[in-house]
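> generate coordinates for the sequence data below:
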Amino acid sequence: MEKFLTRDLRLLADGVEIAQGCRMSLLSRSHLGLHPALRLLSIFQLSDASVALLSAAQHVEVYSGESLLSFGEIIDVYTRSLSGQRITSLTFSPGFSLWQASVSLSLRAGMKASDTFRALLAASGASVSLASFGAEDVVFSRPQAFFGRAFQSLDALAEACGGDAFLSSAGICVVSRVPTATNAWEVIPPQDLLASPQPAGERLILTLPLRDWSPGNLLQVSFQGQTWQGRVQSSLLQADNASGPWKAEVELSLVH
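Predicted structure coming up:
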C-alpha cells in the first residue's frame, strides 16, 4: 500500500500557502446534511507571523498534492505548548456562517424547489450558492413560509424533494436518495481497500485511500466474491504528514 502513503499536506489560508515544512495532522469529517462538520488541523512549530496570518483569515483549504482534502470557514485558532512543542490548533467547518444564519421568508405559489433553495440561500446572507440540484425539482402549488435556522429549512426542503443536501467546495449540492439509471457508480478496485469491508446492518464501513470522499457519491465495491453498492453517508479523513494514520474511513448507506 506504499503508493497511498505520500505524506504531503498543504495549507492555504485565504488562498495564501502557509506552514511549509511544518508537521500537520488533519482530522476531517463530512456527512450528508447541512449541520456543521467540525474539522481540526494541528500544526507543529508554526511561526508567529503565520499564526497571525491564520488568525486573520476567514477560509482555509487543506490539500494533498493537487487533491483538495478539506476546507471550511475558520472557527478558532489556538496555540499551546505541549512537551516542549508549540502546537497551533485550527478548528474550521464548511458552511459555518450558514449554520449561524436565520431566515424569515415568504414565497409565492408555483415556485420550483431549486428556485426555493436559491431564494433561501439569498435570504440567509451566508454567501453560499446552489452548486447542483439532483433531486426531483418539484413545483410547490401553495405559498411557502420559512422561519428559523437557515440550514434546517434547507435540509427540510431537500427531504421534501426526496433528497439530501451537503456542502461542497463549490456550494450546496442536493442529491436524490434513490439512484436513477443516469447515476454513475464509482467502482472501487479490491486492491484499493486498506482493510476488509465491515458490514454494519444497512451500512458498510470502508477503509480507503486518502481523498475527499464526497457525501452522496455512489460507490460499488467487491471483496472475496461479494459486491456492495451504496451512497456515501459520511467520511472521516485522518492524515498526518509525519507519522500515524493516513487513510479515509467511509460509511456507505447500502442500496439493494
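
> C-alpha coordinates for the host helix or strand of V103, PDB please?
Using DSSP states H and E, the secondary-structure element containing V103 is strand 102-107. Extracted in PDB, the C-alpha atoms of strand 102-107 (Å, rounded to 0.1, in the frame of the first residue of the first chain):
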ATOM      1  CA  SER A 102     -31.600  32.700  10.300                       C
ATOM      2  CA  VAL A 103     -34.300  33.300   7.700                       C
ATOM      3  CA  SER A 104     -37.800  34.800   7.700                       C
ATOM      4  CA  LEU A 105     -39.100  34.400   4.200                       C
ATOM      5  CA  SER A 106     -42.500  34.000   2.400                       C
ATOM      6  CA  LEU A 107     -42.600  32.800  -1.200                       C
END
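
> buried stuff in that strand?
When neighbours are counted by 16 or more other C-beta atoms under 10 Å, the buried residues of strand 102-107 are found to be V103, L105, L107. For every residue, glycine as well, the C-beta is placed using N, CA and C.

> and the average pLDDT for it is what?
Computed over strand 102-107, the mean pLDDT rounds to 95.

> name the element A135 belongs to?
Taking DSSP H and E as the definition, A135 sits outside all helices and strands.

> low pLDDT regions in the stretch 51-200 of the chain?
Under the criterion pLDDT under 70, the flagged ranges of the stretch 51-200 of the chain are 181-182.

> now the helices for it?
Using DSSP state H, counting those that start in this stretch, the helices of the stretch 51-200 of the chain run over residues 96-100, 113-124, 150-160.

> could these go into CSV alongside distance to Q45 and mean neighbour count?
Listed next are these as CSV, based on distance: least, C-beta to C-beta, whole Å; neighbours: other C-beta atoms under 10 Å:
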stretch, distance to Q45, mean neighbour count
helix 96-100, 27, 19
helix 113-124, 39, 19
helix 150-160, 36, 20
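
> related to what we said a few turns ago, tell me what the strand holding V103 is packed against?
Strand 102-107 makes packing contacts with helix 113-124, strand 144-149, helix 150-160 when contacts are defined by 3 or more C-beta pairs under 8 Å, 6 or more residues apart in numbering; DSSP states H and E.
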